[in-house]
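[1] missing the sequence, but the structure's below:
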């Protein structure tokens, strides 16, 4: 059993995927497997992945015949993972040099289900260095430990008293295999295209017994402004599409009907859902 399973959803990331996978292969901690889910790419991504897999047996490529979106690609990766700890890496980002060995010192003997580590934000395109530093500070918040419902509330409670909200994300999380498998069984099989990580982080947080913060340990290099991210203007049609995608996430998180009502709602009550659902509903005028 490898110590790490690195799950990489990949769709048309030809310009970046070799650099992404190589950033894992070049880590000084080599006890890992890489599961790249090629989500029916139409560019050079499949050819590049085949070359990487041929060179190193730790690279496993799972090929989708039809595009299903990043959320379902991550789920497929989880269902095939064998590691003790799961990490998520987007195909246009990289692992920080020495990140896995630094993280291992935090994870050895750890009894938490979630360990939230640090991210370096690398500005790309029109993103300025000042914007990147501000975003980096927002991601690298939190300290100590949280348990039970406090894990979910730290991110999704939108009441005025929650001044140090933890940003939702899964790419800066190390997830124990126990929690990852339990969450994968409960997560929706619907396509989620925008804010899918808010939903995934929500399910993981609600099921976790304990979360520990290790945000001083930089593991992930987030290339802000590259690939599917950025700050370009949206046409009215694109804006409408994005709103519908956000609404789909809010719908997946509603307390009733709730796919995971038997666990999430019993432990945390409908209030655990209210923050993000309310916020998304305001953004897209979703009926409540």
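    Received the coordinates, thanks. These numbers were taken from a predicted model, which means no experiment stands behind them.
[2] going forward, measure contacts and count neighbours with C-alpha atoms only.
    Noted.
[3] for the stretch 101-250 of the chain, which spans come out with low pLDDT?
    Residues of the stretch 101-250 of the chain that meet the criterion pLDDT under 70 lie in 159-164, 227-234, 236, 239-240, 242.
[4] now with 80, please.
    Applying pLDDT under 80 to the stretch 101-250 of the chain flags the ranges 157-165, 227-250.
[5] next, count neighbours for residue 36.
    27 (other C-alpha atoms under 10 Å).
[6] what's the answer for the one 5 residues further on, then?
    Other residues near residue 41 number 19, with proximity taken as other C-alpha under 10 Å.
[7] from residue 33, how far off is it?
    For residue 41, the distance to residue 33 equals 22 Å [C-alpha to C-alpha, to the nearest Å].
[8] just the helices in the stretch 101-250 of the chain please.
    Assigned by DSSP state H, counting those that start in this stretch, the stretch 101-250 of the chain shows helices spanning 129-139, 149-156, 177-186, 196-207, 236-252.
[9] adding mean neighbour count, write the ones you listed out as a markdown table.
    As requested, the helices of the stretch 101-250 of the chain are exported to a markdown table (neighbours: other C-alpha atoms under 10 Å):
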| stretch | mean neighbour count |
| --- | --- |
| helix 129-139 | 16 |
| helix 149-156 | 22 |
| helix 177-186 | 18 |
| helix 196-207 | 23 |
| helix 236-252 | 17 |
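[10] closest to residue 53 out of the ones you listed?
    Across the helices of the stretch 101-250 of the chain, residue 53 has its closest neighbour in helix 177-186 (23.8 Å, C-alpha to C-alpha).
[11] other SSEs contacting that closest one?
    helix 70-79, strand 85-88, helix 196-207 (3 or more C-alpha pairs under 8 Å, 6 or more residues apart in numbering; DSSP states H and E).
[12] quick one: it to helix 196-207, angle?
    Counting by axes from the mean of the first three to the mean of the last three C-alpha atoms, to 10 degrees, helix 177-186 lies at 120 degrees to helix 196-207.
[13] neighbouring contacts of helix 177-186?
    Outside helix 177-186, the residues within contact range by C-alpha atoms under 8 Å, 6 or more residues apart in numbering are 75, 78-79, 82-86, 113, 203-204, 207-208, 259-260.
[14] quick one: buried ones out of those?
    Those of those that meet the buried threshold are 75, 78, 82-86, 113, 203-204, 207-208, 259-260, by 16 or more other C-alpha atoms under 10 Å.
[15] for these, which one is nearest residue 151?
    Nearest to residue 151 among those is residue 208, at 7.7 Å by C-alpha to C-alpha.
[16] burial count for residue 54?
    Counted with other C-alpha under 10 Å, residues neighbouring residue 54 total 12.
[17] ok, what's across the strand from the closest residue to residue 145 other than its chain neighbours?
    Nearest non-adjacent residue to residue 145, counting by C-alpha to C-alpha, 6 or more residues apart in numbering: residue 212, 4.4 Å away. Going by DSSP bridges, residue 212 is paired in beta bridges with residue 115, residue 145.
[18] show me what contacts residue 212?
    The contact partners of residue 212, by C-alpha under 8 Å, 6+ apart, come to 112, 114, 115, 116, 143, 144, 145, 146.
[19] what subset of those residues is buried?
    Counted by 16+ other C-alpha under 10 Å, those give 112, 114, 115, 116, 146 as buried.
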